[in-house]
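Asks: My questions concern the predicted model and sequence given below.
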Amino acid sequence: DAGVTQSPTHLIKTRGQQVTLRCSPKSGHDTVSWYQQALGQGPQFIFQYYEEEERQRGNFPDRFSGHQFPNYSSELNVNALLLGDSALYLCASSLSGIYSIQYFGAGTRLSVL
Amino acid sequence: AQTVTQSQPEMSVQEAETVTLSCTYDTSESDYYLFWYKQPPSRQMILVIRQEAYKQQNATENRFSVNFQKAAKSFSLKISDSQLGDAAMYFCAYRSAYLTSGNTGKLIFGQGTTLQVKP
């Protein structure tokens, strides 16, 4: 049973560019959450997708957007990249419902130069 | 808003010994979940243990156990018989138990504690 998979593992971009990160949830899961983890810090919630809609959003600007596909996979898009967007981006999948445990992928390391 | 605080940036333990990692949190809610996640150098966050706030009994998973003090809003993790593979960054996390339009189960993390295990 494949767990949560994210691609790419590492990405280097320059300021002002746009980036797309991808996530495939654990088999059977229908909910995907995205987190940003700055170096040496704890993850910060970006947003969550369920039934192809953004269900909850953290304190991130509109430059951060996402999408969920009918197969439950998800994308995170970041426009107009800033140096401060350099971080590890983690995807977590779960079943819908408050009791479900979130399972994480290994993340995408984004470096903005 | 809820917050989670881990006041120990780094801890070290001798192999086979016991270590306790501290976590405090702030919330006005009465029902919630607390978690400890482990993040090794491979970067993948792995769930170590979970505690439901309405349960008075402390959760235990093999060598890992918690000391949950609800009134004090404290949630520490004890690792017994430490192994080299326990070396990682450990995060304490909070999740509300109330499902609303504004809360769908996001995790709120502390800053993390890096655990070093010495052979």
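Replies: Arrived safely. Here the structure is a predicted model, which is why all the values come from computation and not from measurement.
Asks: So which bits of chain B are right by chain A?
Replies: Applying CB under 8 Å from any CB of the partner chain, one finds that chain B approaches chain A through B:4, B:6, B:37, B:42-47, B:50, B:91, B:93, B:95-99, B:102-112. For glycine as for every other residue, the C-beta is placed from the backbone atoms N, C-alpha and C.
Asks: cutoff 6 Å now
Replies: Contact residues (CB under 6 Å from any CB of the partner chain) of chain B with chain A: B:43-45, B:91, B:97, B:99, B:104-106, B:109-112.
Asks: Which of the residues you listed are buried? Put it as a ChimeraX command.
Replies: Typed into ChimeraX, the line below selects the buried ones among the residues of chain B next to chain A, using 16 or more other CB atoms under 10 Å in any protein chain shown:
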select /B:43,44,45,91,97,104,105,106,109,110,111,112
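Asks: can you count the residues close to the closest residue to residue A:63 other than its chain neighbours?
Replies: Excluding its sequence neighbours, the residue lying closest to residue A:63 (CB to CB, 6 or more residues apart in numbering or on different chains) is residue A:79, at 4.7 Å. Residues within reach of residue A:79, counting by other CB atoms under 10 Å in any protein chain shown, total 14.
Asks: ok, residue A:56 - how many residues close by?
Replies: 18.
Asks: sorry, back to before: would you list the residues of chain B next to chain A in JSON lines and tack on pLDDT and distance to residue A:100?
Replies: Listed next are the residues of chain B next to chain A as JSON lines, based on pLDDT from 0 to 100; distance: CB to CB, whole Å:
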{"residue": "B:43", "pLDDT": "87", "distance to residue A:100": "22"}
{"residue": "B:44", "pLDDT": "89", "distance to residue A:100": "18"}
{"residue": "B:45", "pLDDT": "92", "distance to residue A:100": "15"}
{"residue": "B:91", "pLDDT": "98", "distance to residue A:100": "18"}
{"residue": "B:97", "pLDDT": "87", "distance to residue A:100": "12"}
{"residue": "B:99", "pLDDT": "75", "distance to residue A:100": "11"}
{"residue": "B:104", "pLDDT": "76", "distance to residue A:100": "10"}
{"residue": "B:105", "pLDDT": "83", "distance to residue A:100": "7"}
{"residue": "B:106", "pLDDT": "91", "distance to residue A:100": "12"}
{"residue": "B:109", "pLDDT": "97", "distance to residue A:100": "17"}
{"residue": "B:110", "pLDDT": "97", "distance to residue A:100": "21"}
{"residue": "B:111", "pLDDT": "97", "distance to residue A:100": "25"}
{"residue": "B:112", "pLDDT": "97", "distance to residue A:100": "23"}
